[in-house]
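Enquirer: pasting the structure only:
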Ligand code: FRU
């Protein structure tokens, strides 16, 4: 079948599912597919002045399957518009899936670089992977090029895990990194290729490799300069949990260091986890025309309980977040400034107010941004925080434990019964600020101006009664609390 028909067929399948979809958990201001399954963000790029985001998509089912590339675009990173599916699998170069990849603007030609997935024995999950290209000049319809696959096979010292190309330009050359696994150590690594024309690629070598403690495979790598340093972001599979760290099935994090293009030497520090919630994976970034490094992740986790499958859809992407580097080489992640466009009604709850036990703000809305600043110098409580409260039992609780300097997100009473709690260290310096985005079935927490973030899906079933500020074992001094009802951009 020719690609166009495959895309039409997939669009029809989406349309059908859409008609019977249960909307209860649909998000109001996050990127989702019109219906059915999505995972990783792909091909983040600005093209002809608009932001384009693609995503791994199975338009025929609420479960993962033969991967297509779904597509949305936006002028402001806030209001998104669905475009037709960009890539459908089934050609010789991508017989069983168009896996994750990236996009570049090659002098007006929007170029997608993606992995072709091929089963040799599907039952036993035996497969091979290659790298391919598709191009467009209108930013809507894409042609797979005749030269595909542009990289047919991995280097000899590699297993069959060979995917997720991230391409960028440096001086006059194109570079591509790929997630990969070495045969000898059976561990994750990132390998590098170089090209002058995006079609012919030369293998350069290994850019970074696990020291044995970073899992068996590295997925979705990204490599970029940030405030004078180089950052390698990646999603390792198979890291052991270590106290509060690496508690999800798979991880997302980064190494920071210095890089030499001449020698392909990347000297870096230790691995740092990027987000401390339950549902954050396969993050990708791009540089926009304002010079911002913007990251978007998949807001779910492999093998997690995903109750929206029953509703005819599954998966979403995180809010776009701007990255900055601190002087001690840690990444700060904050919502892009355009997100204030979501704000509708503003509510000034209180400022400079001492609360003991609890202070309830009645608010039934489920699309909210809440900002709270606690002054800890004037706080006697052992823990302070906020709860998003349901009518009966349900609540999502964000709290800070002063003695331990720990931030805790507890979703065990909002749909994550089994493994509801995530915790992480947060240096308070006598002040704790939370910026929290609630969107029906998601919560994203930016603490202390992006020092720590926590991203989780929640699945409340009761109506909401409000936002409760609370103090445990004493009083909490609230320097400021403001919240906004947010707009549903899909309506
Ligand atoms: C990451 C990942 C990628 C792969 C894609 C397949 O979540 O496993 O490595 O390309 O998903 O959908």
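Expert: That came in fine, so what should we check first? Predicted model only: the values in this text are computed from it and were never measured.

Enquirer: can you count the residues close to the residue of the stretch 301-450 of the chain found nearest the ligand?
Expert: Nearest residue of the stretch 301-450 of the chain to the ligand: residue 302, at 6.6 Å (CB to the nearest ligand atom). C-beta here means a position set from N, CA and C on the backbone, and glycine is covered the same way. Residues lying near residue 302 (other CB atoms under 10 Å) number 13.

Enquirer: Read off the pLDDT value for it.
Expert: Per-residue confidence at residue 302 stands at 98 (pLDDT).

Enquirer: Just to check, residue 253 is in contact with residue 271?
Expert: Yes. Assessed by CB atoms under 8 Å, residue 253 is found in contact with residue 271 at 5.1 Å.

Enquirer: Any chance you could list residues touching both of those two?
Expert: Counting by CB atoms under 8 Å, 6 or more residues apart in numbering, the common neighbours of residue 253 and residue 271 are residue 236.

Enquirer: quick one: which helix or strand includes the residue of the stretch 201-350 of the chain found nearest the ligand?
Expert: For the stretch 201-350 of the chain and the ligand, the shortest gap (CB to the nearest ligand atom) falls at residue 219, measuring 3.7 Å. Assigned by DSSP states H and E, residue 219 belongs to strand 217-226.

Enquirer: Give me the distance from whatever helix or strand comes next after that strand to the chain's centre.
Expert: Going down the chain from strand 217-226, the next helix or strand is strand 229-237, by DSSP H and E. How far strand 229-237 lies from its chain's middle: 13 Å, per CA atoms, centre = their mean, to the nearest Å.

Enquirer: which helices and strands sit right next to strand 229-237?
Expert: Applying 3 or more CB pairs under 8 Å, 6 or more residues apart in numbering; DSSP states H and E, we find strand 229-237 packed against strand 188-195, strand 217-226, strand 253-260, strand 265-268, strand 281-287, strand 321-325.

Enquirer: among these, which is nearest residue 488?
Expert: Smallest distance to residue 488 across those (CB to CB): 20.7 Å, for strand 321-325.

Enquirer: Quick check: next helix or strand after the closest one?
Expert: Counting by DSSP H and E, the element after strand 321-325 in chain order, helix or strand, is strand 331-335.

Enquirer: what separates residue 389 from residue 184, distance-wise?
Expert: 54 Å (CB to CB, to the nearest Å).

Enquirer: Please say which of those two ends up with more neighbours.
Expert: It is residue 389, of residue 389 and residue 184, that has more neighbours when counted by other CB under 10 Å, with 25 against 8.

Enquirer: what's the distance between the more buried one and residue 398?
Expert: Taking CB to CB as the measure, residue 389 falls 12 Å from residue 398.

Enquirer: again with residue 83
Expert: Using CB to CB, we find residue 83 at a distance of 36 Å from residue 398.

Enquirer: tell me the SS of residue 310?
Expert: Taking DSSP: H, G, I helix; E, B strand; the rest coil as the rule, one finds residue 310 in the helix state.

Enquirer: Surely it is in contact with residue 22?
Expert: Yes. With contact defined as CB under 8 Å, residue 310 reaches residue 22; the gap is 7.2 Å.

Enquirer: Tell me, how many residues neighbour the nearest residue to the residue of the stretch 301-450 of the chain closest to the ligand once chain neighbours are set aside?
Expert: Leaving aside its sequence neighbours, residue 302 sits nearest to residue 249 (CB to CB, 6 or more residues apart in numbering; 5.5 Å). By other CB under 10 Å, the residues close to residue 249 number 15.

Enquirer: For the residue nearest the centre of the chain, give me its contacts.
Expert: Here the mean C-alpha position of the chain is nearest to the C-alpha of residue 297 (CA atoms, centre = their mean), at a distance of 0.8 Å. Residue 297 makes contact with 41, 252, 275, 280-284, 317-318, 455, according to CB under 8 Å, 6+ apart.

Enquirer: what does the protein put close to the ligand?
Expert: When proximity is defined by CB under 6 Å from any ligand atom, the chain lies next to the ligand at 39-40, 56, 67, 99-100, 115, 163-164, 179, 219-220, 281-282.

Enquirer: Buried only: go through those residues for me.
Expert: Buried residues within these, counting neighbours by 16 or more other CB atoms under 10 Å: 39-40, 56, 67, 99-100, 115, 163-164, 179, 219-220, 281-282.

Enquirer: So of the residues you listed, which two are at opposite extremes in space?
Expert: Within these, 115 and 281 form the most distant pair, 16.7 Å apart (CB to CB).

Enquirer: Quick check: which ranges of the protein have low pLDDT?
Expert: 1-4 (pLDDT under 70).

Enquirer: just the strands in the stretch 51-200 of the chain please.
Expert: For the stretch 51-200 of the chain, the strands defined by DSSP state E, counting those that start in this stretch cover 68-74, 80-87, 98-106, 109-121, 126-136, 143-144, 158-170, 173-182, 188-195.

Enquirer: Nearest to residue 329, out of those?
Expert: Comparing those against residue 329 with CB to CB, the closest turns out to be strand 188-195 (19.1 Å).

Enquirer: In this protein, spot the strand with the most residues.
Expert: When the chain is parsed with DSSP state E, its longest strand is strand 464-486.

Enquirer: elements contacting it?
Expert: Using 3+ CB pairs under 8 Å, 6+ apart as the contact criterion, the neighbours of strand 464-486 among helices and strands are strand 343-362, strand 367-375, strand 383-390, strand 431-439.

Enquirer: Just say which of these is most tucked in.
Expert: Comparing the helices and strands packed on strand 464-486 by mean neighbour count (mean count of other CB atoms under 10 Å), strand 383-390 comes out on top with a mean of 23.

Enquirer: immediately after it, which helix or strand?
Expert: Heading C-terminal from strand 383-390 (DSSP H and E), you reach strand 395-401.

Enquirer: Let me know the next secondary structure element after that following strand.
Expert: Next along the chain after strand 395-401, taking DSSP H and E as the criterion, comes strand 406-413.

Enquirer: Okay, buried residues for that following strand please.
Expert: By neighbour count on 16+ other CB under 10 Å, the buried set for strand 406-413 is 406-411, 413.

Enquirer: and among the helices and strands packed on strand 229-237, the most buried is which?
Expert: Ranked by average neighbour count under the criterion mean count of other CB under 10 Å, the helices and strands packed on strand 229-237 are headed by strand 281-287 at a mean of 25.

Enquirer: what angle separates that strand from strand 217-226?
Expert: 30 degrees (axes from the mean of the first three to the mean of the last three CA atoms, to 10 degrees).

Enquirer: Parallel or antiparallel, which strands does strand 281-287 pair with?
Expert: Strand 281-287 has these partner strands in its sheet, going by DSSP bridges: strand 293-298 (antiparallel).

Enquirer: what angle do the partner strand and strand 321-325 make?
Expert: For strand 293-298 against strand 321-325, the angle by the same axes, to 10 degrees is 130 degrees.

Enquirer: so what secondary structure elements neighbour the helix or strand just after strand 293-298?
Expert: Remark: after strand 293-298, the chain's next helix or strand is strand 313-314, criterion DSSP H and E. Applying 3+ CB pairs under 8 Å, 6+ apart, we find strand 313-314 packed against strand 36-47.
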